[in-house]
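[1] Okay, predicted coordinates and the sequence, questions at the end:
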There are 2 protein chains.
Amino acid sequence: MTGLRALSGACDFSYNESMTLSTVDAYADLLRRTKEHAVLQSCAAVLGWDQQTYLPRGGAAFRGDQLALLAALAHDRATDPRLGDLLAACEGGLANLDDDLAAANVRELRHSYDRAVKLPKRLVEELAKATSDAHEAWTAARRDDDFAAFRPHLEGIVALKREEAAAVGFAGEAYDALLDEYEPGATAAGVAALFADLTESLVPLIAAAIDSGKRPKAGVLERDYPIDRQRWFAESAAAAIGFDFSRGRLDTTAHPFCSGIGPGDCRQTTRYNARFFNEAFFGVMHEAGHGLYEQNLPADRFGQPAGGYCSLGIHESQSRLWENQVGRSGNFWRAFFPRLRQAFPGTLEGVSPDDFLFAVSEVKPSLIRVEADEATYNLHVALRLELERALIAGDLAVADLPGAWNDRFAALIGLTVPSDREGCLQDIHWSFGGFGYFPTYTLGNLYAAQLMAAAAAALPDLDHDTRRGDFAGLRGWLTANVHAHGRRYRAGELCERATGHPLDAAEFVAYVREKLARFYGVC
Amino acid sequence: MTGLRALSGACDFSYNESMTLSTVDAYADLLRRTKEHAVLQSCAAVLGWDQQTYLPRGGAAFRGDQLALLAALAHDRATDPRLGDLLAACEGGLANLDDDLAAANVRELRHSYDRAVKLPKRLVEELAKATSDAHEAWTAARRDDDFAAFRPHLEGIVALKREEAAAVGFAGEAYDALLDEYEPGATAAGVAALFADLTESLVPLIAAAIDSGKRPKAGVLERDYPIDRQRWFAESAAAAIGFDFSRGRLDTTAHPFCSGIGPGDCRQTTRYNARFFNEAFFGVMHEAGHGLYEQNLPADRFGQPAGGYCSLGIHESQSRLWENQVGRSGNFWRAFFPRLRQAFPGTLEGVSPDDFLFAVSEVKPSLIRVEADEATYNLHVALRLELERALIAGDLAVADLPGAWNDRFAALIGLTVPSDREGCLQDIHWSFGGFGYFPTYTLGNLYAAQLMAAAAAALPDLDHDTRRGDFAGLRGWLTANVHAHGRRYRAGELCERATGHPLDAAEFVAYVREKLARFYGVC
């Protein structure tokens, strides 16, 4: 009920429609509406979390009704012409809003509003229907290894996404308009150039590692890891890096995710495999990284762009940093390997800390993206960028996708794809129209390496602290340099401010090179 | 995503505001709006359930914001003047709506709409604020046994509820307007007369039972009942009476409840005491009774009065029927006592089925309503009706409440109240302004007995089926005679249709008399 007062408080302000809006009043009203929109979306986030965790199966259809209503109400608010008037009033007098935070909020709200109103309602509805149908079709097609059954759905979605890009508008190519939804300000050409650098470095490094013939001790990660002990160990690690369980949860779902519902309420999920250590543990480190970002956003700016996450690439950088840069480091396991032995007595008999570290750092080309190691993972992403960019440009027909996938997979990753189920049907993204989403995974890896290098330079005790299991310094640096800014700066600027230079692949390649040197003798 | 289509389908209808509404069109629009309102409230129900079950404690304040927004949106819809126009259009041409179901929907929607628009926004807000503050004050006052600290809050709430009654209007006395919120159509005078009959019969019966000196075997219910076994046993009993776990859940909370979120999604909760059998088991039977009602409402009328529950008294009749009329019967334990022994091996050594049945049927005056047996429970309720009616009438000052409570408690239940904590501070209801709520508990008991007697008359195999643990016949009778009607009939009419005569205390008194005769030799 405290909240009731808080919200009423925020609503005290009102204005007479006939009078000219002062910038300050317009800005206050803009923020009030933006917050209401965000609270509405946060209600949908609770329902979405519940849908994945505790919803009885008989309630699935009705949950669709509930989410559809909340989405419609949120859409009405996001496209309300009054927002346009308020934005114009703010933009006309930005100098009166005496801080750059307000300017950033107005800039980002304008960006969202323009995108929302440019999309015809008919297109939004057609996309909702097409992706709803396509999701079911994709599920069946993957199960049955039947690309032909999915093909017409994907063709429809590609056509609609091209329409969406045309409606939104773009300077370079259509794909830019789609990428912009996930990584505002990024362009296909810019990301492709970055990925070309990365691929050029990674391919020979990975090949050299494979050619070295070195392999970690077999089966270290595929022993008995009882699920209740895994849960305890993963939770204790998440708590150690700073995930606050009084303001969050960890549940079990078929597909792991992290949902930042709102201030004080951030929920991650994982799945357990009693015979494979990595799945839950690195999954939890990953989602806890997302969670730390959500938990450390400025709560008093909830609902404002300046209180929200910067981009999907930056969000992913936080998960990858804790999962890989920290969680797969020798320093981390100096603190945690003894605890691991205690958590799984007997399981790690005869396994040295180095054996274990090599096992969790193994580089090994594989067919499935979500099972890939931290180096080859990026080749999976580069492949997807190439293909989805060509699909949207009209340079690749959906009918030719499986062939193109298999050819490029062999060239980049060196494996023959035995089936579409393990090839171009493996990911959910295209079925929900998520063109432009994949690149953010690798952007996250690159940002993570560059941020970690900057943090290491700024924190002389970082290695020592990590070896002791103390992450307060690193977390504080990330909060100050990333979390606290929300979307005040676009990702590129945030990166430059935090690391001193624009994003490139150098730090990530150096990180991979150092690991491969250590375990495979590759230089 | 199915839901998105379902909802869009429901929205296809539209009309031009300038044209005269045909009754049929007005009715369709009315139902569309009503459904949207119900879906919005169901979203709040999910958030409410989550608040009691899995919400991280750090998310409590923000949850208040979320619920306040949903409440405000729902209130806007409930008081939208367009609803009034649509209702008028429907009422003007009810003959064109060719079934009594539509007439019932219009009648009940008019009732809700009139009540909602009669309440000034200022009063609604003041009540929200006063009850929010009072809840915290009550929690502390009960803990500290400090009525004086709660007194000003309760005075404020009584004054506001009197204002509410005046705004809503009433024919007899102010209390009627409040009772009407929970038990539409009931009056204070009518309920008080019923309770007078009941009390007159119960008091001597209970006294005779106590005087008989007979007691169940000591401690049968306070042995080791491991919680995991309790959960299994309670769930299997709930499933046996027909609670559908594919369309519902059972979770653990501090305060048990049942929330019918929407079609296919009904969630009950309970709490476990490893040294007391009754708490979880009869709690689950009770909530499962509520749940059966929710699960068997006509799902295709969701959101309409004809698809909602009839009244709190009828809702409570369903919980009491399964908890007591069935769950504390000899026939039930013929089926379940052997299963109980299996579930708790060793715990029931030396306890006969009759010993057990006497233990769960014991009549024993006690201080706390929620711990009371099924007979004296109604005296607790009669006391509260008397006092809250006097408070609202202005015949009893809040300052005099503790004294009045203690005097009347001694007279009705025969015990000296040692503290306000165990007296007039024990219940949450007045702190949330729930004047008129208490009587529905005893109305539920009376309806339950009268419905059970009618079902027994209609179902010749009822005893035999119950002894075999087969409840399909009883459940079918309740669905046909109660659940399927939703709020098509008011409670009084529903009762007459189902049982052949208006509600009275006779069947309940006969039920108690038979039990006391069996265990205490009272006639």
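    Here it is on my side, so go on.
[2] How much space separates the nearest residue to A:Thr23 once chain neighbours are set aside from chain B?
    Leaving aside its chain neighbours, A:Thr23 sits nearest to A:Gly93 (3.2 Å; criterion: C-beta to C-beta, 6 or more residues apart in numbering or on different chains). From N, CA and C alone the C-beta is placed, and that goes for glycine too. Distance, A:Gly93 to chain B, using C-beta to the nearest C-beta, to the nearest Å: 29 Å.
[3] What values do phi and psi take at A:Gly93?
    Dihedral pair for A:Gly93: phi -140, psi 40, per degrees, to the nearest 10.
[4] One more: A:Tyr54?
    Dihedral angles (degrees, to the nearest 10) for A:Tyr54: phi -120, psi 0.
[5] Kindly report the same for the one 4 residues further on.
    Note on A:Gly58: backbone dihedrals following degrees, to the nearest 10 are phi -70, psi -10.
[6] give the contact list for it.
    Residues near A:Gly58 by C-beta atoms under 8 Å, 6 or more residues apart in numbering or on different chains: B:244, B:246-248, B:264-265.
[7] rerun that using 6 Å as the cut-off
    B:246-247, B:264 (C-beta atoms under 6 Å, 6 or more residues apart in numbering or on different chains).
[8] packing partners for the one helix or strand A:Leu412 maps to?
    Element membership of A:Leu412, judged by DSSP states H and E, is helix A:401-413. Judged by 3 or more C-beta pairs under 6 Å, 6 or more residues apart in numbering or on different chains; DSSP states H and E, the packing partners of helix A:401-413 are helix A:377-393.
[9] And the helix it packs on, what's buried?
    A:377-392 (16 or more other C-beta atoms under 10 Å in any protein chain shown).
[10] Quick one: neighbours of A:Gly521, just the number.
    The tally of other residues near A:Gly521 (other C-beta atoms under 10 Å in any protein chain shown) stands at 12.
[11] Quick check: pLDDT value at it.
    Predicted confidence (pLDDT) for A:Gly521: 94.
[12] swap in A:Ser22?
    Looking at A:Ser22, its pLDDT reads 89.
[13] Work out for me the element A:Pro345 sits within.
    Here A:Pro345 sits in a region with no helix or strand, counting by DSSP H and E.
[14] Please report phi then psi for it.
    phi -60, psi 130.
[15] Any figure for the gap between A:Cys266 and chain B?
    Distance from A:Cys266 to chain B, counting by C-beta to the nearest C-beta: 8 Å.
[16] That residue should be in a strand, yeah?
    Yes - applying DSSP: H, G, I helix; E, B strand; the rest coil, one finds A:Cys266 inside a strand.
[17] What is the neighbour count of it?
    Quick note: A:Cys266 (other C-beta under 10 Å) scores 29 neighbours.
[18] Now do the contacts for it.
    A:248, A:260, A:291, A:294-295.
[19] So which of those residues reach chain B?
    By C-beta under 6 Å from any C-beta of the partner chain, the members of those lying near chain B are A:Gly248.
[20] Which residue is the nearest non-sequential neighbour of A:Gln426?
    In space, and not counting its chain neighbours, A:Gln426 is closest to A:Ile368: 5.8 Å by C-beta to C-beta, 6+ apart.
[21] ok so, going back, which residues sit against the helix holding A:Leu412?
    A:147, A:365, A:379, A:383, A:387, A:396, A:417, A:420, A:423-424.
[22] Show me what counts as buried in it.
    Buried residues in helix A:401-413, counted by 16+ other C-beta under 10 Å: A:401-402, A:404-406, A:408-409, A:412-413.
[23] That helix - what's its average pLDDT?
    Here the average pLDDT along helix A:401-413 is 97.
[24] Repeat that for stretch A:164-180.
    In the prediction, stretch A:164-180 has an average pLDDT of 97.
[25] Between the two ends of it, how far is it?
    12 Å (C-alpha to C-alpha, to the nearest Å).
[26] Next: stretch A:89-99.
    By C-alpha to C-alpha, the extent of stretch A:89-99 from end to end equals 16 Å.
[27] Next, the residue most central in space within chain A: phi, psi?
    The centroid of chain A falls nearest to A:Glu316 when counting by C-alpha atoms, centre = their mean (4.1 Å). Per-residue torsions, A:Glu316: phi -70, psi -30 (degrees, to the nearest 10).
[28] which ones are touching it?
    A:440-441, A:444.
[29] ok, now with 7 Å
    Contact analysis of A:Glu316 by C-beta atoms under 7 Å, 6 or more residues apart in numbering or on different chains lists A:440-441, A:443-444.
[30] Greatest separation within the residues you listed: which pair is it?
    With C-beta to C-beta as the measure, no two of these lie farther apart than A:Tyr441 and A:Leu443, at 7.2 Å.
[31] These two: which has the busier surroundings?
    Using other C-beta under 10 Å, the more surrounded residue of A:Tyr441 and A:Leu443 is A:Leu443, with 28 against 20.
[32] How much space separates the more buried one from chain B?
    In terms of C-beta to the nearest C-beta, A:Leu443 sits 29 Å off from chain B.
[33] Residues in contact with whatever helix or strand that residue lives in: which ones?
    Per DSSP H and E: A:Leu443 is located in helix A:439-458. The contact list for helix A:439-458 (C-beta under 7 Å, 6+ apart) reads A:179, A:182-183, A:191, A:195, A:312-314, A:316-317, A:319-321, A:324-325, A:378, A:381, A:385, A:462, A:474, A:477, A:482, A:495, A:498-500, A:503, A:505, A:507-508, A:511.
[34] May I see the buried residues of stretch A:465-478?
    Quick answer for stretch A:465-478 (16+ other C-beta under 10 Å): A:465-466, A:469, A:471, A:473-475, A:477-478.
[35] And the residue of the stretch 401-523 of chain A closest to chain B?
    A:Phe432 (10.0 Å; C-beta to the nearest C-beta).
[36] Is the residue nearest to that residue when sequence neighbours are not counted in a helix, a strand, or coil?
    Leaving aside its sequence neighbours, A:Phe432 sits nearest to A:Thr131 (C-beta to C-beta, 6+ apart; 5.0 Å). Recorded secondary structure, A:Thr131: helix (three-state DSSP).
[37] count of residues packed around A:Thr131?
    Here the number of neighbours of A:Thr131 (other C-beta under 10 Å) works out to 21.
[38] Contact partners for it?
    By C-beta under 7 Å, 6+ apart, A:Thr131 lies in contact with A:157, A:431-433.
[39] so A:Gly436 makes contact with A:Ala174?
    No - assessed by C-beta atoms under 7 Å, A:Gly436 is found out of contact with A:Ala174, at 10.4 Å.
[40] Counting neighbours, go ahead and name the busier of these two.
    More crowded of A:Gly436 and A:Ala174, by other C-beta under 10 Å: A:Gly436, with 27 against 22.
[41] The more buried one: helix or strand, and which one exactly?
    Counting by DSSP H and E, A:Gly436 is found in no helix or strand.
[42] Also A:Phe281?
    Using DSSP H and E, A:Phe281 maps to helix A:277-296.
[43] Name the single longest helix found in chain A.
    When chain A is parsed with DSSP state H, its longest helix is helix A:23-53.
[44] Which positions within it qualify as buried?
    Under 16+ other C-beta under 10 Å, the buried positions of helix A:23-53 are A:23, A:25-52.
[45] Extract the CA atoms of the next helix-or-strand element following it and return them as CSV.
    Note on helix A:23-53: by DSSP H and E, the next helix or strand toward the C-terminus is helix A:60-78. Provided in CSV are the C-alpha atoms of helix A:60-78 (Å, rounded to 0.1, in the frame of the first residue of the first chain):
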residue,chain,number,x,y,z
ALA,A,60,-2.0,-21.4,-20.6
ALA,A,61,-4.8,-20.1,-22.9
PHE,A,62,-6.1,-17.6,-20.4
ARG,A,63,-2.6,-16.4,-19.7
GLY,A,64,-2.5,-15.5,-23.4
ASP,A,65,-5.6,-13.3,-22.8
GLN,A,66,-4.0,-11.6,-19.9
LEU,A,67,-0.8,-10.9,-21.6
ALA,A,68,-2.5,-9.7,-24.7
LEU,A,69,-4.6,-7.2,-22.7
LEU,A,70,-1.5,-5.9,-20.9
ALA,A,71,0.3,-5.6,-24.2
ALA,A,72,-2.5,-3.7,-25.8
LEU,A,73,-2.8,-1.3,-22.9
ALA,A,74,1.0,-0.8,-23.0
HIS,A,75,0.9,-0.2,-26.8
ASP,A,76,-1.8,2.4,-26.4
ARG,A,77,0.3,4.3,-24.0
ALA,A,78,3.5,4.0,-26.1
